[in-house]
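S.K.: Got a predicted model here, sequence first, then my questions.
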Amino acid sequence: MLWVAVALTLFVGCRKPDGGPEPSKEPYLDSVCLYQMGDYGSQFWRIPALLCLDDGTLLAVNDRRKYSYKDLPEDIDIVCRRSTDNGTTWSEPQTIVAGTGYKQGYGDPALVQCENGDVLCFFVGGNGLWASTEADPIRSYVCRSSDCGLTWSAPEEITSLIWGSQAVNAACRNYKASFFGSGNALRLSKGPHKGRVLVAAALGRKNVNKIDNFVVYSDDNGQTWNVSAKAFTEGDEAKLMELADGTVLVSVRRSGARGYNHSADGGETWGTQGTWPEMTVNACNGDMLRLDDSTLLHSLPNSMQREDVSIFISNDEGDSWHSPVRLVDGPSVYSSLTLLADGEIGCFVEKGPDTGCELWLYRFNREWLFNF
């Protein structure tokens, strides 16, 4: 394994990739630590989101959990690092939004690039999930960057659209909380809803600690929002993938066999939910990626413990998954996948014990994945 030092180079601008040398056809796996405990004055780091933009810029966004490993309502910042050379060198961390105290933090980022080129970062803030009420809620936000992640807008709150008494979907008015599935959101690339932006949301029911999944979506590059019918009952963090025929697939965190469902209308309504018995793993957040016309990838711990983050492979549009290839040995948790500008695969992973993760970028090529 080649260990690459992080160059703290600040990149400016939003350029097109220059091509560079042809990628190696030899099996290739490379890793670099972007954050370890104590870096930049923060004791803890969690919740990776990784996205390669249309121009090749790579964004790595995550929680800076300054004083506590715990989730909201702790004091948490969301930060971004940029790379314009496929993850070899990185900018210094930039704060997208800064927490200012207990119940005044932000966390769980998810990324997507709109058809107009803007990048949206979804996240939540304020109260904790289970303590949330309409009077004292966990709040849902979106920030926008129009310069490939160099600068970000002030947070726009969209909580009341998603759940509570003013929710745009009446079915969501009987919920008390929501948070986004961190990592990657989705932009549709084909069909009547081409350009639609979708992000999976986990909504907490009133009076019982159970979660159902809905999808928040926009047809105008994030200017206005709507909420789907229920996508999954008794779910948790979820991810979305556009299949070859335009169907939207949702993959849902569960303890045991991972859940799924399909939408034939761009994520507005959903079919009959099911589970993947071949993906019976820890209840953990992971990510999905289309590698090519015939191959989907899914990152998850291949264990009933939070360890051994692996890459599962599907050759039938997510009907089944096989051949998990271990990416991280030992304790490892959340992960986010993207296809890099040079055709290699990037995976941003929480590595280490649940009490204090490091955040690592793994880069590998198809030859490593399929010849492991």
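M.R.: Noted; the coordinates are in hand.

S.K.: Tell me where the stretch 151-300 of the chain has strands.
M.R.: Using DSSP state E, counting those that start in this stretch, the strands found in the stretch 151-300 of the chain span residues 156-157, 175-180, 183-184, 186-187, 197-205, 211-218, 226-227, 238-242, 248-252, 256-263, 274-281, 287-292, 295-301.

S.K.: what's the closest residue to residue 171 other than its chain neighbours sitting at in phi/psi?
M.R.: Closest residue in space to residue 171, ignoring its immediate chain neighbours: residue 230 at 6.5 Å, by Cβ to Cβ, 6 or more residues apart in numbering. C-beta here means a position set from N, CA and C on the backbone, and glycine is covered the same way. Backbone geometry at residue 230, expressed as degrees, to the nearest 10, gives phi -60, psi 130.

S.K.: Let me have the strands of the stretch 151-300 of the chain in CSV, extended by mean pLDDT, distance to residue 338 and mean neighbour count.
M.R.: Formatted as CSV, the strands of the stretch 151-300 of the chain follow (pLDDT from 0 to 100; distance: least, Cβ to Cβ, whole Å; neighbours: other Cβ atoms under 10 Å):
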stretch, mean pLDDT, distance to residue 338, mean neighbour count
strand 156-157, 98, 24, 14
strand 175-180, 98, 17, 25
strand 183-184, 98, 7, 26
strand 186-187, 98, 12, 21
strand 197-205, 98, 16, 24
strand 211-218, 98, 20, 24
strand 226-227, 98, 26, 20
strand 238-242, 98, 13, 24
strand 248-252, 98, 16, 26
strand 256-263, 97, 20, 20
strand 274-281, 97, 21, 17
strand 287-292, 97, 7, 20
strand 295-301, 98, 11, 23
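
S.K.: Using PDB, write out every CA atom in stretch 134-141.
M.R.: In PDB, the C-alpha atoms belonging to stretch 134-141 read as follows (Å, rounded to 0.1, in the frame of the first residue of the first chain):
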ATOM      1  CA  GLU A 134     -41.800  21.200  16.800                       C
ATOM      2  CA  ALA A 135     -41.200  23.900  19.400                       C
ATOM      3  CA  ASP A 136     -37.500  22.900  19.800                       C
ATOM      4  CA  PRO A 137     -36.600  21.000  16.700                       C
ATOM      5  CA  ILE A 138     -33.700  19.400  15.000                       C
ATOM      6  CA  ARG A 139     -33.500  21.700  12.000                       C
ATOM      7  CA  SER A 140     -32.800  20.900   8.300                       C
ATOM      8  CA  TYR A 141     -30.600  23.200   6.200                       C
END
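
S.K.: buried sites along that stretch?
M.R.: 134, 137-141 (16 or more other Cβ atoms under 10 Å).

S.K.: Can you get me the centre-to-centre distance for it and its chain?
M.R.: 21 Å (Cα atoms, centre = their mean, to the nearest Å).

S.K.: repeat for stretch 95-103
M.R.: Here stretch 95-103 is found 20 Å from its chain centre; the criterion is Cα atoms, centre = their mean.

S.K.: then that stretch to PDB, C-alphas only?
M.R.: These are the backbone C-alpha positions of stretch 95-103, laid out as PDB (Å, rounded to 0.1, in the frame of the first residue of the first chain):
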ATOM      1  CA  THR A  95     -15.700  26.000   7.500                       C
ATOM      2  CA  ILE A  96     -19.100  25.800   5.700                       C
ATOM      3  CA  VAL A  97     -21.000  26.400   8.900                       C
ATOM      4  CA  ALA A  98     -19.700  26.800  12.500                       C
ATOM      5  CA  GLY A  99     -21.400  25.600  15.700                       C
ATOM      6  CA  THR A 100     -21.500  28.100  18.500                       C
ATOM      7  CA  GLY A 101     -22.500  26.000  21.500                       C
ATOM      8  CA  TYR A 102     -24.800  23.300  22.800                       C
ATOM      9  CA  LYS A 103     -27.900  23.000  20.600                       C
END
